[in-house]
Each structure stands twice: as C-alpha cells, then as structure tokens.
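Colleague: One predicted model, sequence on top.
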Amino acid sequence: MNNLRKNFDIFLSIVKQSLINELNERGNIPKRGKKPKFSDAEVISLSILSESLMYDSENYLFKMMHNHKKHFPNLIHRSAYNRRRRALYQLKERVRQYVVHHMIRGEDTFVIDSMPIQICQFSRSKRIRICKDDYHTSPSYGFCAAQNSYYYGYKLHGVTTVNGIISSFDLSKAEVADIHYLNDIKDQYSGCMLLGDKAYLSDPMQLELFEDHNLILKTPMRANQKNYVKQPAVFRKVRKRIETAFSQFCDQFKIQKNYAKTFHGLATRILAKITGFTFLQFLNKYVFDKNMNHVKHALL
C-alpha cells in the first residue's frame, strides 16, 4: 500500500503541474460552495492511477484503500468518486494533452487506425439498455475486418506517433467508416505525414488533405488497383506500432470490459485508460529510464 501512496503522489504532482493555471492551492476548481477535502486533482490522479495499475474493478480498489485508510485519510465514497470523475472529464483530457505535448515535440509522422469497442455480446444487443439514453451517442452494429466478425458497440479511432504515443483519439458509432475521422483531425496534423491502412484509401481525400492542409496521407494500394505498387516494408513496420498499442489496451488495460451504463461513463473509463497508458510511457521515458512501451509492470 505504501507503493500505492508513492505512485499516487507521483501522479498527483503531474496532474497539478498540468493544471497549474486552473486549480487553486488545494487542487480544486475555484467555485462557490463547500470545498471538498479529497480534491479534484486527487480524483483525477486516482482515476488515472487505478487504470495504470490495471485495476478493472473499483470495488477491489476501494476495498484496498479502505483497509489502509491512514494513507488516504480524506478518501470519499465510491459513488461520489464516480460522479466527480465523470464531471472532471474535460480536465482529465487537458492533463493527457499536456503530457502528450511534452512527449511529441518535433514529430512529423503519425499512424492512424481504429479498433472495435464491443459493449455486449452480439446476441444481447437488442434487449440491453446500456448507453441507449441518447440516440446520437447510442451504440450501433459494425464490422471488424481484422477479426472478420460483426459486433455491437463503438469504434475507437486513434492517432499515434511512430513510437506509440496516442496523440489524439475519439469514439464513434461502430457503423461509421474509418475515413470520416480524417475530417476531425485534418487541422491538427497540418504539415505532417499520416500512415493508414486500406480503410483510409481514397484518392479524393488524399488530394484534399494535401492541397488544403499540407497533410500527406500514405495508404497501401489494393492488389486489383491499376498500376499497383506494394507499399514499402518500412511503412508496414511503422504502422504496426498502433496495432501493438491497441493490443495493450485489450490485454493489459481490459478496454473491452464494460462496466459503464451510459456513454459518458464509458467515455470516461476509456479516457482514463488511455491517459494511464500515456502516463506510464512518460514515466518510463523520463523517470524510470525503461523502454517507453513496456508499461505492464512499470509501477511494480
């Protein structure tokens, strides 16, 4: 438990530095009313740390912390923690962006891909109510070409550096085609090269990105295309980095395990997992002097 407190203090210091202009001296957002003893910065830090330790159960996390409450004297109830964690979504995203900004300076080559987020078994999709509170954010049916199967849920779109740092991400309905995500990020990556798979193959889109945003989109050609040329091996090797990151999300961070009942809750959990992954990369690179992407036992 002392290690948990030690790691918590490391995360808390990064969070406070990230939000130095937005939080008061107690680590809270300045506002009227009763000041919480367990600060906003501590809620954000605990959310990121629990995912970094691969704790997929909040019951288990709070049971451990209550058994050693002397290390966390101001700990709040689990329901209050969940409510405040969802309310602090935007602040947590700014923390992630702060860390990412310090790690990707000078990068001009990025990789784009997507992965399925299944919220339930396909056979249960018509009778569940999970995330169906709003039509615009409700799940839908989609097809995963990599697994050659249909699923019910969402699609996680992501852009990484060639070293595997998630620079931006978003959630969409499963039915949305991958190529539409380019419209959301084209202004962010002006003057860069973007590597994608065949899902992003579109001559009109490639021309538009280059002429309007100075963004070079490189994708492999289909074998039946005219003047087919095989993509260089170096591009295929670099593109595998994002696939490895997605595999880590599934195997280590259990991103496919869904305990949320609303879309906002699901999005909050996914943001915490990606931010935790980024924090571990940051600590491996600048604090622990380890391989940046060996995150599984980074805090042990």
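Modeller: Cool, the structure landed.

Colleague: Run through the neighbouring helices and strands of the lowest-mean-pLDDT helix or strand in the chain.
Modeller: The weakest-scoring helix or strand in the chain, judged by mean pLDDT, DSSP states H and E, is helix 58-67 (a mean of 84). Applying 3 or more C-beta pairs under 8 Å, 6 or more residues apart in numbering; DSSP states H and E, we find helix 58-67 packed against helix 78-87. Backbone N, C-alpha and C define where each C-beta goes, glycine included.

Colleague: what angle do the helix it packs on and helix 58-67 make?
Modeller: Angle, helix 78-87 to helix 58-67, by axes from the mean of the first three to the mean of the last three C-alpha atoms, to 10 degrees: 120 degrees.

Colleague: Show me which residues of helix 78-87 are buried.
Modeller: 81-82, 84-86 (16 or more other C-beta atoms under 10 Å).

Colleague: just how off-centre is the least confident helix or strand of the chain within its chain?
Modeller: Its chain's C-alpha centre and that of helix 58-67 lie 24 Å apart, by C-alpha atoms, centre = their mean, to the nearest Å.

Colleague: likewise stretch 162-181?
Modeller: Counting by C-alpha atoms, centre = their mean, stretch 162-181 comes out at 10 Å from the chain centroid.

Colleague: list the buried ones in it?
Modeller: Per 16+ other C-beta under 10 Å, stretch 162-181 contains these buried residues: 162, 164-169, 171-172, 174, 176, 178-179, 181.

Colleague: Look up the closest residue to residue 258, ignoring the ones flanking it.
Modeller: residue 119 (4.8 Å; C-beta to C-beta, 6 or more residues apart in numbering).

Colleague: end-to-end on stretch 154-172?
Modeller: 6 Å (C-alpha to C-alpha, to the nearest Å).

Colleague: measure residue 107 to residue 244 for me?
Modeller: Here the criterion is C-beta to C-beta, to the nearest Å. By it, residue 107 lies 18 Å from residue 244.

Colleague: Comparing these two, which residue is more hemmed in?
Modeller: residue 107 (15 against 12; other C-beta atoms under 10 Å).

Colleague: quick one: what helix or strand has the more buried one in it?
Modeller: Using DSSP states H and E, residue 107 sits in no helix or strand.
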